[in-house]
Every structure is written in C-alpha cells, then in structure tokens.
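Asker: sequence below, structure please.
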Amino acid sequence: MENREVKNKFWKGVLVGALVMAFAGLIIVGVSAGIFLIGRTVIDNQVQTDQVQSSRNENSSLDFQRINSKMRYIQDIIDELFLFEEDAEKIEDGIYMGLMYGLEDPYSVYYNEENYESLIEDTTGEYCGIGAMVQQNRSTGIMTIVKVFEGSPALEAGMLPGDIIYMVGDEAVTGKELDLVVKEDIRGEEGSYVKITVLRGETNEEVELRVQRRQIEVPTVEYQMLEDQVGYIYVMQFDEVTAQQFIEAVDDLEKQGMEKLLIDMRDNPGGVLDTAVEMLAYILPEDKLGGMLIYTADKNGKGDRYFCKDGQIVKESDSGYKDTRYPKKDDHELEVPLAVLVNGNSASAAEVFTGAVQDYGIGIAVGTQTFGKGIVQNLIPLGDGTAIKLTTSHYYTPSGFDLHEKGLTPDVEVDLEEELKTKAVVELSEDNQVKAAIEALEKASQMK
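Answerer: Residues are numbered from 1 along each chain as shown. Okay, the predicted model is just below:
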C-alpha cells in the first residue's frame, strides 16, 4: 500500500512538473550527468558577493518593502495557527529557492550551505559510485538511465538504459536536483549498498535494484583503431583533464597511421567550456573564419570571443580583458576525414565542438538532432556559504549560430536501432550509427 502511494505521488509530481513548465510552450530535456562523474559547471567571469549585494535593489523591479510586509503577515499567521513546529532554516532556504524558481529558468538554482559544499567537491574521476550515466528531463524532473558502463556495479545489478529512477532508498527523487541526488544519495562509502527502484519498459514495471558502491575510475576519453585505419575516440564529457586526454588520443592514432577519424559525442552532457575550446584549437585550421572558435554574449550583447591565432588560444572580452594561453602544439591541425557522432543527449560543450566542426567544413555530424543547450551558467557564491547558479549568457558557434532550444542537425541523420536502445552495452561492431558514420567517412575519403 505504501509503495503504491509513493508511486502515485511520483506520477502526480510528473504531471505537476509538466504543467508548471508548459508556460514556455516547449519541453526542455535535461542535461545528462554521470553518476560515475559529475560534470563541472562552466564558471566564467565570477561575480563577487559585494557586487551582487550592492546592485540588487537598484536593478530589481521587485518591491522589497511590500514583499517584506507580506512575509511578516504570513509569518504571523503561521505563528498563530500552524499545527506543527516550523524549521526556520528550511523556510528561509525555501524563500530563496522560490525566488530562483520564479525566474522560470531550469538551470538557475539556489544552493544552501550543505548543497553548495556537496556541489563544489573536487572531481578527480575516482570515487565510490555505481557506474551509470543519467539524464534529467527538466520539465518533469524525471531521471532516466542513458548509459550503463561495462564492468560496473550498475550493470551487475541489472540496470538498463531507459530505466526511470523514481526512488533511491525509500525516498522519491523526481524533481530533485540531479547533481545532488547523485552526490548525496547514490554515492557513498565503498562496499555499501544503495537501493534504487526503477520503472522499466512501456508498462512501467517496478524493478528494485540493490547496487553496491565501488571505487569507479572511468577516463573521460577512450580510443581505439578500428578496421581500415579508422580512428575512434569516445569523449564522455568535458572535464578539466579531457583536452589533454583527447590530444594524446589523436597523437597516438596518427602515429598508428590513422586515415579517418570518428569522434563519438553521444550522451555527452558538456562540461568545461575552456576544454572544448582547447580541443577545437588542436584540430581546426587557423586560416578560416578568422580563427574564431566560439563566442558568448550576455543580455547587453557583451561577452567573450575565443580565437586560435599564431598557434595560441586568445580570449578577448568586451570588458577589455585579453588572455593568451594554451600554445597550440606544433601548429597541429587535423588532415584526415572527420565525423562527429551525436544524439539527443549531446549537449552544451559537445554541441559547441560539433558546431565548430560543421562551420569550418573539416568534418560532418552523424546521428540525431542534438539537445539544444546554448547558454552558460555562472556559479556565484553569496558570501555566507551559500550560492546561486545563474544563466548569464548565450554562446554561439563560429558562424554565429545560436543553437539554444534548437540543437544541431546532423549532416547524415540516422537513429540508433530500437533493439540497441535498451542494451546495457552496445558493441561498436553492432552499432548501426557507428557503421553509418564510417560509411560517410569512406565517401568523404573518396571525394578527396
């Protein structure tokens, strides 16, 4: 009976979430986050606490005097009539969360002190997790397994792609912040177990899984040489170490005699923008599009521009700031046919990378329409141990395309075969999207 009530609450939560977000006239599919590894937020132009505090009343249209008066009135009613004991700290957190929720932006959120500490923990790529990747639908709060890694505790427990997570332990998690569910509920002490209840298949069969937490170490880049000298590089997400791993993979494959290159960005949720910039600078020629790699613009049209000039990455800001960094190793650029494999879960920095490849004309995109997240969030500490994550700007591909809420259209459109979508591990030899990309590379090779 208790389980049925929880399940009913789950679907009611789904319905409420969908209705609340319907104001935008679209469904926003949430960005993937790895249970094995949490992608870092892009943090540029960090805003200082005193700047936030000094300007908030001047620029806000909110009537703080009226709001404060109404809050006091509501508190008086609570003090007089509320049956249970109130938790003042939770009420205060709820006020700030409500303020951010009122922005109607699923990526702008408030973090209390406990959540903020959890969020900023250093990510080393090694910790106790279960070895699966999850995406969250931002309109409904539903969390869905999109990938289960080979040899992982999740795979051993029977977890499958497409499983919907609706309970961790005895608590429903729909609508919670995905990063926090991963870090606070799913991760834990090595050797301990976590109960994860999922809904599976078209009938939403309820399946309870008991998964052991183990030390998980998964590189953000994997690569190998396929038949006919086709280099294959899988980029899981854009972490701080990813650029160097990517460069080493390209170098090694070139030494092995690579004649074509396939970069797999499927289910890549994005991550650190600078990492994508460094990777692009390594493979793109400097004699096209003025060396432009990407640029951003805030609501006033001001932002940053990233170029590759004279073997170096240059970041120019409308504020007058200029930074030269990351020497481009040996003036390297890719000279073999290139294809980037994407799907509906390829987001943010993965789309920046793919869009630049398309704009420069050095390669093609293969797969399905990408997610469409073309906005940047800043993490802003508030000086008291709490913080907000706020959407502050758009980013654009080198040609000026704004992909937000649109995504990128592949040059060769091909969906993954239905029978492969629910397999925990899909071998490259049976992957029809990989086969389609290799066929496209072969055609490109013949045209050269």
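Asker: going forward, measure contacts between C-alpha atoms and count neighbours the same way
Answerer: Will do.
Asker: check contacts around the residue nearest to Val235 when sequence neighbours are not counted.
Answerer: In space, and not counting its chain neighbours, Val235 is closest to Val221: 4.7 Å by CA to CA, 6 or more residues apart in numbering. Counting by CA atoms under 8 Å, 6 or more residues apart in numbering, Val221 makes contact with Ile233, Tyr234, Val235, Met236, Thr242, Gln245, Phe246, Ala249.
Asker: does the fourth one touch Asp267 like I think?
Answerer: Meaning Met236. Yes: judged on CA atoms under 8 Å, Met236 makes contact with Asp267 at a distance of 7.4 Å.
Asker: and these two? which has more neighbours close in?
Answerer: Asp267 (28 against 25; other CA atoms under 10 Å).
Asker: how about the more buried one, secondary structure?
Answerer: Following DSSP: H, G, I helix; E, B strand; the rest coil, Asp267 is assigned to coil.
Asker: measure it to Glu351 for me?
Answerer: 11 Å (CA to CA, to the nearest Å).
Asker: could you do Leu253 as well?
Answerer: From Leu253 to Glu351 the distance is 24 Å (CA to CA).
Asker: got a pLDDT number for Lys7?
Answerer: If you check Lys7, the pLDDT there is 57.
Asker: what ranges does the stretch 1-150 of the chain have for its helices?
Answerer: Under the criterion DSSP state H, counting those that start in this stretch, the stretch 1-150 of the chain contains helices at 2-21, 49-59, 64-81, 88-101, 113-119.
Asker: no, scratch that, I was asking about the stretch 251-400 of the chain
Answerer: Going by DSSP H, counting those that start in this stretch, the stretch 251-400 of the chain shows helices at 273-283, 349-360.
Asker: pull the CA atoms of the first one into CSV?
Answerer: If I follow you right, that is helix 273-283. Provided in CSV are the C-alpha atoms of helix 273-283 (Å, rounded to 0.1, in the frame of the first residue of the first chain):
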residue,chain,number,x,y,z
LEU,A,273,33.8,25.3,-22.0
ASP,A,274,37.6,26.0,-22.0
THR,A,275,38.2,22.3,-22.5
ALA,A,276,36.1,22.3,-25.7
VAL,A,277,38.0,25.4,-26.9
GLU,A,278,41.4,23.8,-26.4
MET,A,279,40.3,20.6,-28.2
LEU,A,280,39.0,22.6,-31.2
ALA,A,281,42.1,24.7,-31.4
TYR,A,282,44.1,21.4,-31.7
ILE,A,283,42.2,20.1,-34.8
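Asker: now do it and helix 349-360, the angle between them.
Answerer: Helix 273-283 and helix 349-360 are oriented at 30 degrees to each other (axes from the mean of the first three to the mean of the last three CA atoms, to 10 degrees).
Asker: how far is helix 273-283 from where the chain is centred?
Answerer: Helix 273-283 sits 17 Å away from the centroid of its parent chain (CA atoms, centre = their mean, to the nearest Å).
Asker: can you spell out which helices and strands pack onto it?
Answerer: helix 242-255, strand 292-297, helix 349-360 (3 or more CA pairs under 8 Å, 6 or more residues apart in numbering; DSSP states H and E).
Asker: export those to TSV and tack on mean neighbour count and distance to Glu184?
Answerer: Listed next are the helices and strands packed on helix 273-283 as TSV, based on neighbours: other CA atoms under 10 Å; distance: least, CA to CA, whole Å:
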stretch	mean neighbour count	distance to Glu184
helix 242-255	18	25
strand 292-297	24	33
helix 349-360	24	26
